[in-house]
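[1] How does the following fold in three dimensions:
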Amino acid sequence: MRPSRCFLLVMLVSFATLVLAASSHAQTVKTLYSFTGTNSSGNPGFGALVQGRNGKLYGTTSGPIGTDGSAFVMTTSGNASQLYTFGSDGANPWAGLTLGADGYYYGTTFDGGSTGNGVLFKLSPTGLYTSLHEFAGGSDGALPVAPPIQASDSNFYGTTSGTGGASTVYRYETNGTFTTILNLSNTQGQYAAAPLIQGTDGNLYGTAEEGGNAFPDGCGTIFKLSTSGEILWTYAFPCGAGGVFPEGPLVQASDGNFYGTTESGGGDRGIQPGTVFRLSQSGVVTTLYDFTNLTDGSAPIGGLTQGTDGNLYGTTSGGGGKSRGGNLFQISLGGVHTILYYFGASGEEPYAGVMQDTNGTFYGTTYAGGRDGYGSVYSFNMGLGPFVTFVQPTGATGSGAQILGQGLTGATGVAFNGVAATNFTVVNDTYITAVVPSGATTGKVVVTTPSGALTSNVNFRIIN
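    Okay, the predicted model is just below:
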């Protein structure tokens, strides 16, 4: 089984005393829940948590060794319950879930199913499981790690890591049609394990852990393709100081550039514990930060997220502090790096990136550590205020937009870049639907609530 190069080098869990962070924000980090290892519930992998319409957080665990993993749901205060236990219908969901426009959660299992090559599935909010496609290991791919994303055309797009690295990109249409739209070549990338993202230009962007130009296996690639499967360009990491093994997903920041991490490479003195890089829309890659494996950690494999303060946030899965259990960091778009927290006995090896909930707080998981050694869910508070966001940040005028937030009950207005929506419905305190008004243009959405105006963290893109 090869869900990640880093997984093959999993460190022994250390139960050292929790190390205080070098930052004043450290005291705001809280362990909300420790996985017990029972009933396949333990060791959450590479996927960030996702916020649901009901304001709760959803995720997956890969399962302790010898089990098949689980899907779980929890409140932001830490009240968790098992949503589904995997088995013969799919095993080891390594990388979390995606909330679809239909309210279901979509994901993949790395193996299992009738062929043993993994399954594409959906889950209802109450845990009703549906297998959508069993990978056969041929032209349709095998061993998917990441969940699919839902693009602006309403179709789902995902990758398989492939046997021997023979990765594919697939499309799953809401009518049930499954199509392989691209078989990645050696130079285009091998072991595509991270989720795709859709850029503001409508194209898909992804990373592959290996492949490229270097001999024999390559040091990884970034690839851009259309939703029809046409490769538009690829970038091959040069190895060494230029970065090696980009495992995590990209994020497109407010400046239009893409940002990501490599598991190793970079550094000096022969130490290469990973990098943060910037990718321009034209495909130019620049190293933004080199990790040192000392105080600032190593192996940042979970990717980055942009907070509402404009900074990027991420984790290192190793290094940093006395316990060597990884850390939380902040990095500006200009490359100013700040350590926020050192992980220790309360949770170690944060393989996944973090997500920012619409309450303003960040949430994440650790693969190991916690009370029973099977990982944990944590929160950290940077003092950022609440906001609204979208299930999908795109839509045409006259179409429906799904808005997630907090304290939405009693909302009196929804405006798309200054144009008021005349038709909106407050479904519950954390979820609003609105019809995109005629004349709306791409920009921020503002929801007026009894407690004040909430502004979206990203632009809503009009795609007429």
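
[2] Need the distance between the two termini of stretch 415-435.
    10 Å (Cα to Cα, to the nearest Å).

[3] Contacts for it, please.
    For stretch 415-435, the external contacting residues (Cβ atoms under 8 Å, 6 or more residues apart in numbering) are 53-55, 358, 388, 398-411, 413-414, 436-437, 439-448, 459-460, 462. The C-beta positions use only the backbone N, C-alpha and C, and glycine is treated the same way.

[4] In ChimeraX, select just the buried ones from the residues you listed.
    Command for ChimeraX that selects the buried part of the contacts of stretch 415-435, burial taken from 16 or more other Cβ atoms under 10 Å:
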select :53,54,55,358,388,400,401,402,403,404,405,406,407,408,411,414,436,437,440,443,444,445,446,447,459,460,462
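
[5] Strands - which of the contacts of stretch 415-435 land there?
    Among the contacts of stretch 415-435, the members falling in strands (DSSP state E) are 400, 401, 402, 403, 404, 413, 414, 445, 446, 447, 448, 462.

[6] Correct me if wrong: the second one contacts residue 395.
    Yes - between residue 401 and residue 395 a contact is recorded at 5.3 Å, counting by Cβ atoms under 8 Å.

[7] which residues do these two both contact?
    436, 460.

[8] what sits opposite residue 180 in the beta ladder?
    Residues in a beta bridge with residue 180, per DSSP bridges, are residue 170.

[9] Please name the residues that touch it.
    By Cβ under 8 Å, 6+ apart, the contact set of residue 180 is 139, 140, 141, 168, 169, 170.

[10] what sits against residue 92?
    By Cβ under 8 Å, 6+ apart, residue 92 lies in contact with 1, 3, 62, 63, 68, 69, 86, 109, 110, 111, 112.

[11] how close does the residue nearest in space to the middle of the chain get to residue 396?
    Centroid-nearest residue in the chain: residue 48, 4.3 Å away (criterion: Cα atoms, centre = their mean). From residue 48 over to residue 396 the distance is 28 Å, taken as Cβ to Cβ, to the nearest Å.

[12] for residue 52, same thing?
    From residue 52 over to residue 396 (counting by Cβ to Cβ), the distance is 25 Å.

[13] Which one of these two is surrounded by more residues?
    residue 52 (19 against 12; other Cβ atoms under 10 Å).

[14] got the contact list for that one?
    58, 73, 99, 105, 125.

[15] try it again with 10 Å
    58, 73, 97, 99, 103, 105, 125, 391, 404, 430, 431 (Cβ atoms under 10 Å, 6 or more residues apart in numbering).

[16] In helices only, show me those.
    Counting by DSSP state H, the contacts of residue 52 place none of their members in helices.

[17] Just the buried ones out of the residues you listed, please.
    For the contacts of residue 52, buried by 16+ other Cβ under 10 Å: 58, 73, 97, 99, 105, 125, 391, 404, 430, 431.
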